[in-house]
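Participant: Need the 3D shape of this:
(3 chains)
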Amino acid sequence: MQMNFPFLNDLNESQRQAVMYSDGPSLVIAGAGSGKTRVLTYKVAYLLQSGMHPTSILALTFTNKAAREMKSRIAQMVGENTARYLWMGTFHSIFSRILRAEAEHIGYSRNYTVYDSADSKSLIKSIIKELKLDEKVYKPSMIQGRISSAKNSLITPHAYAGNAEQQKSDLHAKVPLLREIYAIYCNRCKQADAMDFDDLLLQTNILFRDHPEILQKYQHLFKYILVDEYQDTNFAQYLIVKKLAESHQKICVVGDDAQSIYSFRGANIDNILTFRNTYPGARLFKLEQNYRSTQTIVNAANSLIDKNSAQIRKTIFSKKEKGELLKVTNVYTDLEEGVYVADTIRTLHRKKQYDYQNIAVLYRTNSQSRVLEEALRKQGLPYKIYGGLSFYQRKEIKDVIAYFRLISNHNDEEALKRIINFPARGIGETTVGKLFDCAQTHAVSVWEVMSDMLKYNLPVNAGTAAKLGNFRELIDSFAAQSGELNAYEMAQSIIKATGILSETFLDRSPENLSKQENIQELLKAIHEFCEEKEKAGEGKFYLIDYLAEISLLTDQDTDQNEDNDKVTLMTVHAAKGLEFKVVFIVGMEEELFPSAFCVENARDLEEERRLFYVAITRAEERCFISYARSRFRNGKTAFSNPSRFLKDIDPQYLDYPQEEVIEKPRTIGNWDRELDMERIRFNGISSGYSFRNESSDSAMMPPPRPAKRLTKISPAETGNSTPQKCDAIPAGTFVKHHVFGIGKVISTSVVDGNAKAEIDFGDKGKKSLLLKFAKLEILK
DNA sequence: GTATAAACACTTTTT
DNA sequence: GTGTTTATAC
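Facilitator: Next comes the predicted model:
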């Protein structure tokens, strides 16, 4: 097909082929930084250009943000008026939309509530309580996880109870009643007209399974299907896509198996690995040129991911400059790590002219952010943190939204529980307990009980009954207004009439002030929503419309637009899809990265390695990796060894520290020795490093790199106030080390271009220290 | 029923 | 060090 599509010139050969092929199924393996988004956007534009109607194209992304960005780029190419009709969004948002339209077929209403994970956890908790089970055995978060993975694997409660393997596994986990909890949980969700995140996918599958005519309708509607980040799809998503593409097989999935990092959420890397079995005859396109990073970064990342067994082989290459080595730094404590990061950022900013916004600090867990944050703040460096509590998860915001929810769905019991006594109106725990018990025994909703307390024999006194009646009337009066007022007017009316407004205004404490601000922020956001939608001529924007819009938003999606020149702090997961000139990867320690939860299972370990791969490939020019010997964790200081992943990287791409070598190896018992041998065999290192004891880092580090360059020591890089040279401390000098104390220099030498000194620390023993690394104070 | 203090346990990643 | 749950006094 020949047509005028000048944009094709922007693409390289493999990108162009991937864009232009649309006769059948195709798999695009897009290495990190290989222009994946470009291929997707151009492909959609190309389809539109070739005459396909925008409503016929379904494009599924991983985040709302990705969808929004892609949509606006497509709009630039083909015009806003075409782009806006594309079906483009996350699985969750697209299929929640479809579920609203088809809700009646599966016994839900079109205004069904979406329970977030806090809601579902709270519901699980109350079920555990009702069943009089021990919360210490039936841990809500664990139950939630197991139910979630059942749903993601499309195992309904009925199938769950009949599945011998599940039963065995539950018995083994000492939670044989999980199937009861699962069944009750689903009933209660249904009763509340609520779906949790996993339901959005599960119910879509149920809809398509039980209503072939509806499936057919959407098969017919979507003439071409694109899926981004296919490596992170779970079984439920896989099957939805497979069914929709069944008749025409016009499907293109894009992804990178090397960046599959969401298995904990049910993502199955096999979906991408076996794509060509699912879709016989599928064409495979590989995008192997990396346009993002230097050769050194790409090569280092390649050498790391090469250690994984489950992958589609590919050769990622960069034609950019060679660039600097990845710098590995060892510090003593997590606090020191923060100082090191802050110092280095300061130097990079001042000397190398990097903007703060080009720098990111990536960590494995959110809890690591605090020390880093403090270090940056102390030095007056601007930063922003992604993750943690999102705006919509804050208490005060959830409270206000709970009103919205209860008003539009009286059966939303999680919302009701939240606000029945907020602001305090004298309806306490015991009353709420009675209310829920009563609803349970009569198999009706709590709202129904409140509507006719006498009929259901609710055992409360007249005063309490009056309070309950007042609350019900309050919500009812709002509900009566909600058909006339738009979302913004409703929100205003609600916070006024409930007393939320006056309550926050009375108290002038700092925390209340921030609550006030947040509520104002929420009102502002609702106002903007209304204006935008009503301007676009979509009619009045009601409360239910607002709820449908926000229930699937996450903090990833809220724009962080204000003054942009800030260092970014985030988890590696959150960094997926982003890029920065300079990347710091901190906390490269065993039990942290890889996480202690993942070391037992080879599959999990490979995922952790992919996570590290994702982290490294975020960097365009410089990558700094650090690890600490001790770290404050769970209220305790824990010692740690360098991450095993450090020696998965070919040492020729690393600039790593030479640390002190402990001269007298501890006597190693046979058991230790066996363990070490095991580790060495596993890691494929056979050098003289084998018999170090476990706390020695040498066993964990790559073998020394041949002397190549003499790293210039700058104070900022070492944290030293005075650069050390070999001749500064002749034999006989007394020095002070912050760990070993005072010692006497025996001799000095130069090894691999690094100054090294033998120092006798008396009862602490003789140590061989590298001046580049050791912090020595010269005593005169 | 409510407000406060003390005890508790909890931390991987998130649509 | 955090937020959440429980015990205690009012």
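Participant: Now do the buried residues in the longest helix seen in chain A.
Facilitator: Longest helix of chain A, by residue count under DSSP state H: helix A:510-535. Residues of helix A:510-535 classed as buried by neighbour count (16 or more other CB atoms under 10 Å): A:Lys515, A:Gln516, A:Asn518, A:Ile519, A:Leu522, A:Ala525, A:Ile526, A:His527, A:Phe529, A:Cys530, A:Lys533. (Glycine included, C-beta is placed from N, CA and C.)
Participant: same check, this time on stretch A:430-444
Facilitator: Applying 16+ other CB under 10 Å to stretch A:430-444 flags A:Thr431, A:Val432, A:Leu435, A:Phe436, A:Cys438, A:Ala439, A:Val444 as buried.
Participant: Could you measure from the residue of the stretch 401-550 of chain A found nearest DNA strand C over to A:Leu435?
Facilitator: Residue of the stretch 401-550 of chain A nearest DNA strand C, by CB to the nearest atom of the strand: A:Glu429 (9.0 Å). Here the criterion is CB to CB, to the nearest Å. By it, A:Glu429 lies 11 Å from A:Leu435.
Participant: can you pull the pLDDT of whichever residue of the stretch 201-350 of chain A sits closest to DNA strand B?
Facilitator: Across the stretch 201-350 of chain A, the shortest distance to DNA strand B (CB to the nearest atom of the strand) belongs to A:Phe264, at 3.3 Å. We have a pLDDT of 86 for A:Phe264.
Participant: SS state for it?
Facilitator: helix (DSSP: H, G, I helix; E, B strand; the rest coil).
Participant: Just give me the neighbour total for it.
Facilitator: 14 (other CB atoms under 10 Å).
Participant: Sheet partners, orientation included, of the top strand by length along chain A?
Facilitator: With secondary structure taken from DSSP state E, chain A has its longest strand at strand A:619-633. Partners of strand A:619-633 in the sheet, by DSSP bridges, are strand A:326-333 (parallel), strand A:580-585 (parallel), strand A:636-639 (antiparallel).
Participant: out of those, nearest to DNA strand C?
Facilitator: strand A:636-639 (8.1 Å).
Participant: Mind listing residues that contact the closest one?
Facilitator: A:Glu591, A:Arg629, A:Ser630, A:Arg631, A:Phe632, A:Ser695 (CB atoms under 8 Å, 6 or more residues apart in numbering).
Participant: same question, stretch A:180-190
Facilitator: Contacts with stretch A:180-190, where a contact means CB under 8 Å, 6+ apart, come from A:107-108, A:115, A:120, A:123-124, A:127-128, A:131, A:138, A:143, A:146-147, A:150, A:156-158, A:160-161, A:195-196, A:199, A:413.
Participant: mind redoing it with 6 Å?
Facilitator: Residues outside stretch A:180-190 that contact it (CB atoms under 6 Å, 6 or more residues apart in numbering): A:Leu123, A:Ile127, A:Ile143, A:Ile147, A:Pro157, A:Tyr160.
Participant: among these, who's most crowded?
Facilitator: Result: A:Ile143 is most packed of the contacts of stretch A:180-190 (other CB under 10 Å), 25 neighbours.
Participant: ok, now which ones touch that residue?
Facilitator: A:Ile143 makes contacts with A:Ile124, A:Ile181, as judged by CB under 6 Å, 6+ apart.
Participant: and the gap between it and DNA strand B?
Facilitator: According to CB to the nearest atom of the strand, to the nearest Å, A:Ile143 stands 12 Å off from DNA strand B.
Participant: Check which helix or strand that residue maps to.
Facilitator: Per DSSP states H and E: A:Ile143 is located in helix A:140-152.
Participant: buried residues in that helix?
Facilitator: Applying 16+ other CB under 10 Å to helix A:140-152 flags A:Pro140, A:Ile143, A:Gln144, A:Arg146, A:Ile147, A:Ser148, A:Ser149, A:Ala150, A:Lys151, A:Asn152 as buried.
Participant: With stretch A:610-625 instead?
Facilitator: Within stretch A:610-625, the residues scored as buried using 16+ other CB under 10 Å are A:610-625.
Participant: Regarding it, how distant is the last residue from the first?
Facilitator: Length of stretch A:610-625, first residue to last, CA to CA, to the nearest Å: 16 Å.
Participant: returning to that earlier point: let me know which of the strands paired with strand A:619-633 is the nearest to A:Glu13.
Facilitator: Distance to A:Glu13, taken as CB to CB, is lowest for strand A:580-585 among the strands paired with strand A:619-633, at 27.7 Å.
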